[in-house]
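after the sequence you'll find the predicted model.
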Amino acid sequence: MLTRPPGHRRDVVLRPAATAMVLLAAGHPHETIAVPGVALGEEDVLVAVELSTVCRADAEAARGARRASTPVVLGHESVGRIIALGDAGATAFDGSPLRIGDRVVWSATVSCRQCDRCLCGRPQSCPSATRYGEERVAPDRELAGAFASHVQLRPGTAVVRVPETLPAAVLAPAACTTATAWAAVARVRRHRDLVGTRVRVHGAGLLGLTVTAMAVGLGAVVEVRDPDAGRRARAREFGATTVDGEPDAVVHTAGPVTAAAIEAVADGGIVIIVGGDARDTDPVAAASAADRAVGAGASDAGATGLENVGIDAARLSARSTTIAGVHGSAGGDLADAVAFLAGRGRAYPFADAVGSILALSAVDAALAAASEPAAPLRVGLVPGP
């Protein structure tokens, strides 16, 4: 029997050619490139994009507030359908074989699957990890971001099948915001049962709203704090109410972290800080971006102000306060997030989060719209002219 040698790549011709929107440099318009074919590695997966959404990190990278390895195809929030597989095939996160035609979402991170961090369930912290939407464009790596008609997934990516009945607008943010929200809620659950727990969420962007809906669905009583009355009102649509007395848990999803907010947690409580990666952001640009995020109600993890905060350590010790950070998510978080969206999440208006949908070729307009003070929770992009 003839077999192909290890490392063989399968050539897949695409007609019409795939298209990708390339950011040549921060502050410059995107350029369209055509990709007439791809070379699939043995375990690679080629996905035709159904819908992508603009995350805050994408908008920051486009305008230069976050470092980006240009030229780059931005974007890491997508839902799509598998159209080709490498010779060895690939498996979903649950271990089952992936098939052509499967509708899927995938993790924002590509990890090595072998280091101590990957093996202990934190692939997002893998020292050799890369992220979709951050990798410099190179031969055979033109389709490594979501702002394209297709995305080439590599081994080390958690791929999760999704229901055909869920709208693409609900599923596209799953890899980033929804999975990160689940990771934050799961961290609280490791500390205490959520049934009857009083939770205070800071920030009513998409991340804060998702944390709210998840916590309420698990039995918590949740209040949301946000400087904007309209966003606070929207939080009630996701289950927010008022909390009597000190919260048992505080989850920061947007706005600057303050000592008062940390110290407000009840005796024996936990504070979860969901924040961005300072290694990726210029400090001066990050400070101004955080200020804009507070005013605009930014919806993503990186909107949390991570400047130094003076806290009363003796008070925290005396009250047995736990402070934990959550950055990114693992494959299990993504799978659980999809299960939430397909179950209890149907009760909440996640489909309304994508306020506008533009053609892929209008990516610059989409990024500008996502940066506006009155921006919708998400702006969507669909392949097409």
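The structure has been received and is ready for your questions. Just so it is clear, the model here is predicted, and its values are computed rather than measured.

rest of the way, CA atoms for contacts and neighbours
OK.

which residues does the strand or helix carrying Met21 contact?
Per DSSP states H and E, Met21 falls inside strand 10-23. Residues outside strand 10-23 that contact it (C-alpha atoms under 8 Å, 6 or more residues apart in numbering) are 29-42, 62, 70-74, 84, 86-87, 142-143, 147-150, 360-361, 363.

list the buried residues for that strand?
Residues of strand 10-23 classed as buried by neighbour count (16 or more other C-alpha atoms under 10 Å): 10, 18-23.

sorry, back to before: what about the contacts of strand 10-23, which are in helices?
The helices, defined by DSSP state H, take in 62, 363 from those.

drop anything exposed from the contacts of strand 10-23.
30, 35, 38-42, 62, 70-74, 84, 86-87, 142-143, 147-150, 360-361, 363.

just want the most central residue of this protein.
Cys176 (1.0 Å; C-alpha atoms, centre = their mean).

domain parsing of this protein, as residue ranges.
Per the record, the chain has its domains at 10-176+329-382, 177-326, by automatic domain parsing.

how about CSV for the ones you listed, with mean pLDDT added?
Output for the domains of the chain, formatted as CSV (pLDDT from 0 to 100):
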stretch, mean pLDDT
domain 10-176+329-382, 95
domain 177-326, 83
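
and the closest residue to Ala146 other than its chain neighbours, how many neighbours?
Among residues not flanking Ala146 along the chain, Gly75 sits closest, at 4.2 Å (C-alpha to C-alpha, 6 or more residues apart in numbering). Around Gly75 there are 24 other residues, counting by other C-alpha atoms under 10 Å.

my guess is Gly75 contacts Tyr132. True?
Yes - with contact defined as C-alpha atoms under 8 Å, Gly75 counts as touching Tyr132 (6.8 Å).

any residues in contact with both of those two?
Common neighbours of Gly75 and Tyr132 (criterion: C-alpha under 8 Å, 6+ apart): 145-146.

what segments of the stretch 101-250 of the chain are strands?
With strands called from DSSP state E, counting those that start in this stretch, the stretch 101-250 of the chain shows them at 103-106, 109-110, 130-131, 150-153, 159-161, 198-202, 221-225, 249-252.

just name the most buried of those.
Among the strands of the stretch 101-250 of the chain, ranked by average contacts under mean count of other C-alpha atoms under 10 Å, first place goes to strand 249-252 (a mean of 29).

so what are the sheet partners of that strand and their directions?
strand 198-202 (parallel), strand 270-274 (parallel) (DSSP bridges).

now do the contacts for Arg378.
53-55, 353-356, 370.

on that earlier part again, what about the residue nearest to the centre of the chain, distance to Ala183?
As for Cys176, its distance to Ala183 is 11 Å (criterion: C-alpha to C-alpha, to the nearest Å).

again with Glu43
When Glu43 is compared with Ala183 (using C-alpha to C-alpha), they lie 27 Å apart.

looking at these two, which is more packed in?
Per other C-alpha under 10 Å, whichever of Glu43 and Ala183 has more neighbours is Ala183, with 24 against 18.

next, the contact list for the more buried one, please.
Applying C-alpha under 8 Å, 6+ apart, the residues contacting Ala183 are 326, 328-330, 333.

please repeat the previous calculation with a cut-off of 7 Å.
By C-alpha atoms under 7 Å, 6 or more residues apart in numbering, Ala183 lies in contact with 329, 333.
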